[in-house]
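J.: No letters, just coordinates:
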């Protein structure tokens, strides 16, 4: 399967442009002015399809706890402090607490990557040049406030269960065969408009061994990603910081799956999802609920998405 | 109706302790160690009740856009900046944007008030003394990470429609008669475990006249609040910054409804909700979906809750 | 005098390039790799010249108080909060307070503009292209950590005293004749390596009428600035947010004096200085002491510079 | 010498109250309303004494570079980011950079501890109870904006040179004999109103081995501190994060020297000073220049103090 992808890359030609798909990736299929990408795939029908999966009334939180000890990428930070208590106010002596948070808020912890996050060089989704929309006070296009609600069918792909391990290794590329095998084992198919979450077991290192957690990651490569693009999914998530395999088997490439999904295909990415409970309970199909915080001009959003069965 | 409440207050006795309810408000009905309050009312049955309301597959976002121009309370701030673009990385030239946010993140814009937010003097929900859990690095009890998913039946109470106005006046106390009248007009009842959102029309001032928006607010007073407590709701929300009427008709009192709901009753509050579309479409009953960001030790959470019909 | 400058601008030709000085402004006179600009003018001799002015032992603070109510430019913010008290620690019960500050710290309140702050289009001091040094984690060239100590002779130019007014009007351009007249009145000359601070009286609006303070400002224009460049000063400061006249008499130009001083001449700018006490005491010549906070890769620095007589 | 201090402690009686000095430590010698402590010792005469030491015109920066890689205490953080470049503005195409900083700004890196930083239980300098002045928006008493300029004679005490080592060991208590021996070797005496900086060599670990740097520190203990109090100094600084010895030889005590100096004696502390160049050049006596950033209500200040010879 890897050879298939290599052929595609070789055939595509110029470095930095073609990575397993046509070079002409814009305008997007949703028109040259579109800022929502694959969120357009979510219809009332998909919402009702999600509804039909809510058979037991069991709700799973897919977001990790945000705390200063959590693993952070590069020089990103997360600081939460409680100021001195305010008050007392009035004869009823109201006291209150706030919290002060400073962080790359949409890009730390459980995080949703919007269409303004990733570029192919200077070009972002729909061919938007960063010179035209990257502004200090917020992205003037592709901001996460444009996404809207993502309520749809969700699918968990438990790859370790298929491979017979508790946790995939760092740097392991989840192949198309792995995806297909895992889905077959689960007797689940992926449909247009779905949210797909890949469980790798890597999340068990979260806040346990942060150095190992961030040093590498198992994840899908270009081949599996291309197949998901063709399945017309809305979002691909995982229990790792990168969603995709890191390092990429092609050591020249940095986060190529991010480029394939976000700018080239308008498909969103979710990182650092909490997937352990879904895997434990074998909840492979569920109603998925998430809407990004409407942070104007932001590249992403913090999250606590819900999976309901 | 006001006189009814005055009697309650008078009967209750000592100022600052009794406000229309028994003085012995802790331990809570969910036990002395409970940190989730009325979230305990959400059962699988309520989730399935919510499901049954998803008849059309229409999804409403109830969260405002977060931007530096939005109205802010007191000295709270909200700053979002886009750092210089990172990259290019690899031969595929990946570029990426982050955002830097500094804010009282759970207490600005659309905001969910957790059980650690409000105290009666030094006493918070379940009688927790702030000296015991207010710590600089986060509340060690009652943090918003304890709440969990709030998926339940939601009810919108459109008071202006009942009163025949577009927007209630600042300082107008929504009485129990108003609530009952509006619900009767809508032919909707409130049930145990519901989320109740009071539409006042005040949200039309959001980012339009921030000075007026923040100077006062229409909202429920103690009488209506007490009735909602007795209805065993999970959460009371509104399209105002305070949810409750400000200034309180009793000028000695500062945010007494906050105290009645949060510390005394374990009932959550949602402020600055976007309710206009629900009111416009007369969606008075809906499936409500929200889970706080799991910000460890925080007093509240930013939000973009969903109402689905 | 204005006509003189207009002639210079007209003669210089192409817009955006020539503003009363030669187009070939780089490499700088301190070499193509220099990152310190006019700070190179400060020699041990200048330090000793400063020393000689310390005749009375009177020390003036030139920095305003930083507080959330102070005037702020554009969308900049300043937030300072005191977290809950830490401790008690040990049998000796040590308690301690920190502060949490979030701000455009080098560009709010009393602020020192470094060489990385201002560009002529994409070109900064010494012809550095921002594509080459503007990085999300800090400027990789021209950062304020390169400046070093500025200990030298300081001169206050009291223009309102010369003009016989308490405060210059917003938008008033301080001409070369004004500068010369004020200096003559003070019987002071400007020398190579000096710090020059222009008192306009505008600072009396600070935290009194912030809207008026920020709406415009009196200040030097291109003519006076060019003369200061020729005097080989190290830094030009003022008691306004812009140091230079705003709006510029040539309404096509935005902050042209900033460009003349910083990128073209390597001369630093100080804004929002507290000059009232110096003016009141007629301290026109003094020892000046300041070193930027060594914030790696920052564009500027907060400050509380000292003037000693 | 240690035994001397032990006797003092024993004689003083109750734990947590007496630590080598009288229990009645307030009101302060500068009156019950004083908020400046030992800064009151700085007179015009001390400024002129400082002046007299400026014989060569050599200026030393005593502040470290602030960067995200520097050692940080506990959960404190330091984040500096450069937003997208602003502009171009006007026909002259002005571009500009800001910086976004979030940090415990007065308590990270080179830091000046103000009188609001440290308490003996709830009591701070001049007996101020934290309940009376610790407010979320800033300390309402003892804020660092009250300190004012510290321009005075500075003394460096090079203890490693006296001991014949390059760097003192972590946990080594600098005794009074050490201080006296080092001063004798340097032929320098300490006078009332001086700033005293103790060089330990520990700064050579800064940003080289942050784990070791923060795990412990050499520094003065109670005995040497008491002697400095009696010398009537203004400030005690060091090239360590704690200034005082950590862990304290009396393992029950946490930062007792901080308590002796700041709340009990009104004497300031400087931490993480850059002392290597002074030690290398044997500059043991110098003019010291520093004024805290006037951060309203802050516990401390970032700094780049100057030593001039």
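T.: Alright, I've got the coordinates. The model shown is predicted, which means the values in this text are computed figures rather than measured ones.
J.: Now do stretch A:225-233: everything it contacts.
T.: With C-beta atoms under 8 Å, 6 or more residues apart in numbering or on different chains as the contact definition, stretch A:225-233 has outside contacts at A:5, A:8, A:20-21, A:38, A:41, A:176, A:179, A:190-196, A:220, A:236, A:244, A:257, A:260-261, A:265, A:267. Bear in mind the C-beta positions are built from the backbone N, C-alpha and C, glycine included.
J.: if we go to 6 Å?
T.: Under the contact criterion C-beta atoms under 6 Å, 6 or more residues apart in numbering or on different chains, stretch A:225-233 has outside partners A:20, A:176, A:190, A:192, A:194, A:196, A:236, A:257, A:260, A:265.
J.: Looking at those residues, which is nearest residue C:286?
T.: Taking C-beta to C-beta as the measure, residue C:286 sits nearest to residue A:257 out of the contacts of stretch A:225-233, at 61.8 Å.
J.: Next secondary structure element downstream of the helix or strand harbouring that closest one?
T.: Per DSSP states H and E, residue A:257 falls inside helix A:256-265. Sequence-wise, the next helix or strand beyond helix A:256-265 is strand A:268-271, with elements assigned using DSSP H and E.
J.: which residue sits closest to residue A:130, ignoring its sequence neighbours?
T.: Nearest residue to residue A:130 in three dimensions, chain neighbours excluded: residue A:122, at 5.0 Å (C-beta to C-beta, 6 or more residues apart in numbering or on different chains).
J.: ok, the one you found touching residue A:128?
T.: No - the pair residue A:122 and residue A:128 fails to qualify as a contact (C-beta atoms under 6 Å) at a distance of 9.2 Å.
J.: which of the two has more neighbours?
T.: Residue environment comparison for residue A:122 versus residue A:128 gives the larger neighbour count to residue A:128, 23 against 16, counting by other C-beta atoms under 10 Å in any protein chain shown.
J.: I'd like to know how far the more buried one sits from residue A:27.
T.: Distance check for residue A:128 against residue A:27: by C-beta to C-beta, to the nearest Å, it reads 10 Å.
J.: can you check residue A:45 too?
T.: With distances defined as C-beta to C-beta, the gap from residue A:45 to residue A:27 amounts to 25 Å.
J.: Got the phi and psi for the residue nearest to residue A:130?
T.: In this entry, residue A:122 is assigned phi and psi values of phi -80, psi 0 (degrees, to the nearest 10).
J.: separation between it and residue C:75?
T.: From residue A:122 over to residue C:75 (counting by C-beta to C-beta), the distance is 25 Å.
J.: cool, residue A:123 as well?
T.: In this view, residue A:123 and residue C:75 are 27 Å apart by C-beta to C-beta.
J.: List the beta-bridge partners for residue A:289.
T.: residue A:151, residue A:306 (DSSP bridges).
J.: Quick check: closest non-adjacent residue to residue A:78.
T.: Once chain neighbours are set aside, the closest to residue A:78 by C-beta to C-beta, 6+ apart is residue A:103, at 4.3 Å.
J.: of the contacts of stretch A:225-233, buried ones?
T.: Members of these that pass the buried threshold by neighbour count (16 or more other C-beta atoms under 10 Å in any protein chain shown) are listed as A:20, A:176, A:190, A:194, A:196, A:236, A:257, A:260, A:265.
J.: Give me the pLDDT value at the first one.
T.: Right, residue A:20. With respect to pLDDT, residue A:20 scores 45.
J.: Also the last one?
T.: Per-residue confidence at residue A:265 stands at 98 (pLDDT).
J.: Pop out the phi and psi values for the residue nearest to residue A:78.
T.: Torsion angles at residue A:103 (phi, psi; degrees, to the nearest 10) stand at phi -170, psi 160.
J.: which residues of the stretch 1-150 of chain A fall in strands?
T.: Ranges of strands within the stretch 1-150 of chain A are A:59-61, A:78-81, A:86-89, A:94-96, A:100-103, A:111-113, A:118-120, A:150-158, based on DSSP state E, counting those that start in this stretch.
J.: From the chain's centroid, how far away is the longest one?
T.: By that I understand strand A:150-158. Once both centres are worked out by C-alpha atoms, centre = their mean, to the nearest Å, strand A:150-158 turns out to sit 12 Å from its chain's centre.
J.: The second one now?
T.: In terms of C-alpha atoms, centre = their mean, the centre of strand A:78-81 is found 23 Å from the chain centre.
J.: So what's the model's average confidence on it?
T.: If you average the per-residue pLDDT over strand A:78-81, you get 98.
J.: ok, now the fourth one?
T.: Averaged across strand A:94-96, the pLDDT comes to 98.
J.: Can you name every helix or strand that it contacts?
T.: In terms of contact count using 3 or more C-beta pairs under 6 Å, 6 or more residues apart in numbering or on different chains; DSSP states H and E, strand A:94-96 is assigned the packing partners strand A:86-89.
J.: got it, and the second one?
T.: For strand A:78-81, the elements it packs on are strand A:100-103, judged by 3+ C-beta pairs under 6 Å, 6+ apart.
J.: Could you pull up the mean pLDDT of the strand it packs on?
T.: Strand A:100-103 shows an average pLDDT of 98 in the prediction.
J.: list the helices and strands that strand packs on?
T.: Right, strand A:100-103 is packed against strand A:78-81 by 3+ C-beta pairs under 6 Å, 6+ apart.
J.: Now with 7 Å, please.
T.: Under the contact definition 3 or more C-beta pairs under 7 Å, 6 or more residues apart in numbering or on different chains; DSSP states H and E, strand A:100-103 sits against strand A:78-81, strand B:100-103.
J.: What residues of stretch A:182-194 count as buried?
T.: Under the neighbour-count rule (16+ other C-beta under 10 Å), stretch A:182-194 has A:182-183, A:186, A:188, A:190, A:193-194 buried.
J.: Among those residues, which ones are in helices?
T.: A:182-183, A:186 (DSSP state H).
J.: Quick check: the gap between the residue lying closest to residue A:188 once chain neighbours are set aside and chain B.
T.: Nearest in space to residue A:188, with sequence neighbours left out and distances taken as C-beta to C-beta, 6+ apart, is residue A:284 at 5.0 Å. In this structure, residue A:284 lies at 19 Å from chain B, with C-beta to the nearest C-beta, to the nearest Å as the measure.
J.: Wait, residue A:284 touches residue A:190, no?
T.: No - here residue A:284 lies out of contact with residue A:190, judged by C-beta atoms under 7 Å, at a distance of 11.0 Å.
J.: For those two, list the residues in contact with both.
T.: Both residue A:284 and residue A:190 are contacted by residue A:155, under the criterion C-beta atoms under 7 Å, 6 or more residues apart in numbering or on different chains.
J.: can you tell me the helix or strand for the residue of the stretch 201-309 of chain A found nearest chain D?
T.: With C-beta to the nearest C-beta as the measure, the residue in the stretch 201-309 of chain A that lies nearest chain D is residue A:297; the distance is 10.4 Å. Mapping residue A:297 onto the secondary structure by DSSP H and E places it in no helix or strand at all.
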